[in-house]
Every structure is written in C-alpha cells, then in structure tokens.
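Undergrad: this one's structure only:
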C-alpha cells in the first residue's frame, strides 16, 4: 500500500554534525536520540548518517560519525540564525545525553 504526502512548501536547511564516539557506539542510537529530542521542537525534518571513519587522527578505540540534519518549518522558511541556535542546542544535548565529543 502506498502512502502519499504533499511536497514541502518551504525549503530545508541542512547542517552536518560529526562526533567522536567509542567503537562500540551504535550509530542509530544518535539518530533515535535526535528524533526523540525533535518532539519538543518539531523542526528537524530528517537526520541520517553519511560517514563513519576510524584511523588517524581519531584515537584508537574511537570512531568518527558524521550526520546530516535537515531542519524545516511547516509554515515558514527558517533563518540561518534560528537554525544555528537550534543546531548548537542539539550538539549540546548530544554531548550531555550520549557523552559524545563534537568534532
């Protein structure tokens, strides 16, 4: 069964975030956290992992994960200052809740 939805009326603003984690950290844990965190703001349209790296200059036993976060409001175009503030809040929340280090 196919489900359709209208195309978004306003553009998305995309920001990337890279974090350094332990090798055992599951990449989808961060995606789940962002989706749960978004319930309060309703401005994150999508989040997806686009890169995973281990090796120099990342310390042994650690890995770098890079995510793309898409912000979109249903009723207006978001400004850079709005997105930058929200993105900084998200990075702080990731650091506090998941104990990851922004890269």
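TA: That came in fine, so what should we check first? This structure is a prediction, so every number in the text was calculated from the model and none was measured. Residues are numbered from 1 along each chain as shown.
Undergrad: where's the residue most central in space within the chain, which helix or strand?
TA: By Cα atoms, centre = their mean, the chain has its centre lying nearest to residue 69, at 4.1 Å. Element membership of residue 69, judged by DSSP states H and E, is strand 62-71.
Undergrad: now the angle from the helix or strand following that strand to strand 62-71?
TA: Next along the chain after strand 62-71, taking DSSP H and E as the criterion, comes helix 80-98. If you take axes from the mean of the first three to the mean of the last three Cα atoms, to 10 degrees, helix 80-98 sits at 140 degrees to strand 62-71.
Undergrad: what about helix 80-98, distance to the chain center?
TA: 9 Å (Cα atoms, centre = their mean, to the nearest Å).
Undergrad: residues in contact with it?
TA: With Cβ atoms under 8 Å, 6 or more residues apart in numbering as the test, helix 80-98 has contacts from 13, 15, 17, 19, 21, 25, 29-30, 33-34, 37, 41, 43-44, 69, 71, 100-102. (Each C-beta comes from the backbone N, C-alpha and C, glycine too.)
Undergrad: cool, and stretch 32-49?
TA: So stretch 32-49 is contacted by 8, 12, 27-28, 30-31, 65-73, 78, 86, 90, 93-94, 97-98 (Cβ under 8 Å, 6+ apart).
Undergrad: from these, list the buried ones, please.
TA: Buried by 16 or more other Cβ atoms under 10 Å: 12, 30-31, 65, 67, 69, 71-73, 78, 86, 90, 94, out of the contacts of stretch 32-49.
Undergrad: look up how far residue 4 lies from residue 27.
TA: Distance, residue 27 to residue 4, by Cβ to Cβ, to the nearest Å: 30 Å.
Undergrad: next one: residue 35
TA: Noted for residue 35: a distance of 22 Å to residue 4, by Cβ to Cβ.
Undergrad: repeat that for residue 29.
TA: Distance from residue 29 to residue 4, by Cβ to Cβ: 31 Å.
Undergrad: which one of those two is surrounded by more residues?
TA: Higher neighbour count among residue 29 and residue 4: residue 29, with 13 against 5, using other Cβ atoms under 10 Å.
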